[in-house]
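**Q** sequence? don't have it. structure:
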């Protein structure tokens, strides 16, 4: 085993190597490093390629190990193809026609074709470098997005570690099976929803509110739901955060001023008049520039849409509801929102299960009509 003295000597080297490997690895810089390495690998400056790529990477503040690794595209296996490709491309650019030669027959005169080789290598380097950079950028963008979302899911699950096993299990499977959270994370990641108060009507365990708190633990979170068990679990999960959970009916809950209001899988439990009244109250509570986001089953003509409505009917029967879900048409929801002055984005979501939903993202303009006070309404409703 190495002595402590040796370890102390090696530690700075390890730290330097780690810093060197991790420097400037965001998608844009990494793509530029790959472009530089691939381009230099094609330039016929054999013996100086390593020095050139490291010097340029240092000058341009790119990841030096990544740029150096990209030069290995010019290896003994691929080098013949790169040279022939450069010759062919350069000759075509200079004369308008390709060279005709084969390994068994006529071979080009490299001395007379040197100019074509240099020109072709530069152009081929640009083409291959651009291709390598594009692939690198796309891979890192996808991986960084996946990584951020995985971290968000872990954050939400971690909030429920102290809750009952059944509650933890429900949250885990809900996150795995329901695509609404993938879509919601993408909306949040786009930075379109600010950092103000979020209200979730029919919040259940408050999973969506957990997503809102992922990047901003100080954000004010307010949730209401009729299920007292889930409200109690949410209170325990979000203890110590700026969160408030109330066991209440959405029709009688006084909606505070909010930058974002969420209603996932609740509206179908209300009558048509109650749905429209709740949407109008939500609009009145939205701050200028705020957004109302709600989801309802898709009652369109497709198979998955019919399955969605059938699935909701089963849930109603299971919950002891005599009447089935009340689902307005997409046009009715859209007309109600646009009539209230909101800008509407409508999306169809195909879930991981064979069911489909409609997601409405309605934004209140920065200058809107005068607010209408939200008045409580009496009644009871079963929420998710």
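**A** That came through fine. Just so it is clear, the model here is predicted, and its values are computed rather than measured.
**Q** May I have the secondary structure class of residue 345?
**A** strand (DSSP: H, G, I helix; E, B strand; the rest coil).
**Q** Does the closest residue to it other than its chain neighbours belong to a helix, a strand or coil?
**A** Closest residue to residue 345 apart from its sequence neighbours, by CB to CB, 6 or more residues apart in numbering: residue 361 at 4.3 Å. The way it works is simple: take the backbone N, C-alpha and C, and place the C-beta from them, glycine included. At residue 361 the chain is in strand, as set by three-state DSSP.
**Q** mind checking how far residue 361 is from residue 186?
**A** 11 Å (CB to CB, to the nearest Å).
**Q** quick one, which of those two is more surrounded?
**A** Taking other CB atoms under 10 Å, residue 361 and residue 186 do not tie; residue 361 has more neighbours (19 against 12).
**Q** which ones are touching the more buried one?
**A** Residues counted as contacts of residue 361 (CB atoms under 8 Å, 6 or more residues apart in numbering) are 187, 291, 292, 293, 344, 345, 346, 347.
**Q** what's the spacing between it and residue 293?
**A** Distance from residue 361 to residue 293, by CB to CB: 5 Å.
**Q** Next, show the common contact partners of those two.
**A** Residues touching both residue 361 and residue 293 (CB under 8 Å, 6+ apart) are residue 187.
**Q** For residue 287, which non-adjacent residue is spatially closest?
**A** residue 259 (5.2 Å).
**Q** ok, now which ones touch the one you found?
**A** So residue 259 contacts 193, 194, 195, 196, 197, 198, 286, 287, 289, 290, 291 (CB under 8 Å, 6+ apart).
**Q** now it, what's its secondary structure?
**A** Going by three-state DSSP: residue 259 is strand.
**Q** ditto for residue 83
**A** helix.
**Q** number of nearby residues for it?
**A** When counting by other CB under 10 Å, one arrives at 19 neighbours for residue 83.
**Q** Residue 117 is in contact with that one, correct?
**A** Yes: using CB atoms under 8 Å, residue 83 is in contact with residue 117, at 7.3 Å.
**Q** For the top strand by length along the chain, which strands pair with it and how are they oriented?
**A** The residue-count maximum for a strand in the chain (DSSP state E) belongs to strand 286-297. Strand pairing for strand 286-297, using DSSP bridges, gives strand 258-264 (parallel), strand 356-363 (antiparallel).
**Q** just the strands in the stretch 101-250 of the chain please.
**A** Applying DSSP state E, counting those that start in this stretch to the stretch 101-250 of the chain gives strands spanning 198-201, 221-225, 243-247.
**Q** deepest of these, which one?
**A** strand 198-201 (a mean of 27; mean count of other CB atoms under 10 Å).
**Q** Quick check: closest non-adjacent residue to residue 62.
**A** residue 33 is the one closest to residue 62 (CB to CB, 6+ apart), at 4.1 Å.
**Q** give me the element the one you found is part of.
**A** Residue 33 belongs to helix 27-42 when assigned by DSSP states H and E.
**Q** Which neighbouring elements make contact with that helix?
**A** helix 49-59, helix 64-70, helix 79-95, helix 114-159 (3 or more CB pairs under 8 Å, 6 or more residues apart in numbering; DSSP states H and E).
**Q** list the buried ones in the second one?
**A** Neighbour-count burial for helix 64-70, with 16 or more other CB atoms under 10 Å as criterion, is recorded at 64, 65, 66, 67, 68, 70.
**Q** May I see those residues arranged in JSON lines, with pLDDT as well?
**A** Shown next, in JSON lines, are those (pLDDT from 0 to 100):
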{"residue": "64", "pLDDT": "87"}
{"residue": "65", "pLDDT": "87"}
{"residue": "66", "pLDDT": "88"}
{"residue": "67", "pLDDT": "89"}
{"residue": "68", "pLDDT": "89"}
{"residue": "70", "pLDDT": "88"}
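**Q** winner for burial among the strands paired with strand 286-297?
**A** strand 258-264 (a mean of 24).
**Q** what's the angle from that strand to strand 221-225?
**A** 30 degrees (axes from the mean of the first three to the mean of the last three CA atoms, to 10 degrees).
**Q** how far out from the middle of the chain is strand 258-264?
**A** 19 Å (CA atoms, centre = their mean, to the nearest Å).
**Q** And for stretch 38-52?
**A** The answer for stretch 38-52 is 38 Å, by CA atoms, centre = their mean.
**Q** now it: mean pLDDT?
**A** Across stretch 38-52, the average pLDDT comes to 87.
**Q** same question, stretch 303-310
**A** pLDDT averaged over stretch 303-310 gives 67.
**Q** ok, now stretch 229-248?
**A** On average, stretch 229-248 scores 96.
**Q** Please tell me I have it right and the residue nearest to residue 62 contacts residue 56.
**A** No: with contact defined as CB under 8 Å, residue 33 does not count as touching residue 56 (9.9 Å).
**Q** Common neighbours of these two, please.
**A** 62, 67.
**Q** More neighbours: these two, which one.
**A** Taking other CB under 10 Å, residue 33 and residue 56 do not tie; residue 33 has more neighbours (30 against 17).
**Q** any idea how far residue 342 is from that one?
**A** On the measure of CB to CB, residue 33 and residue 342 end up 45 Å apart.
**Q** likewise residue 358?
**A** Distance from residue 358 to residue 342, counting by CB to CB: 15 Å.
**Q** Over to residue 291?
**A** Distance of residue 291 to residue 342, given as CB to CB: 9 Å.
**Q** just residue 204 next, same as before
**A** Counting by CB to CB, the gap from residue 204 to residue 342 is 25 Å.
**Q** same thing with residue 292?
**A** Computed with CB to CB, the distance linking residue 292 and residue 342 is 7 Å.
**Q** Now do the shared contacts for these two.
**A** Contacts common to residue 292 and residue 342, judged by CB under 8 Å, 6+ apart, are 283, 362, 363, 364.
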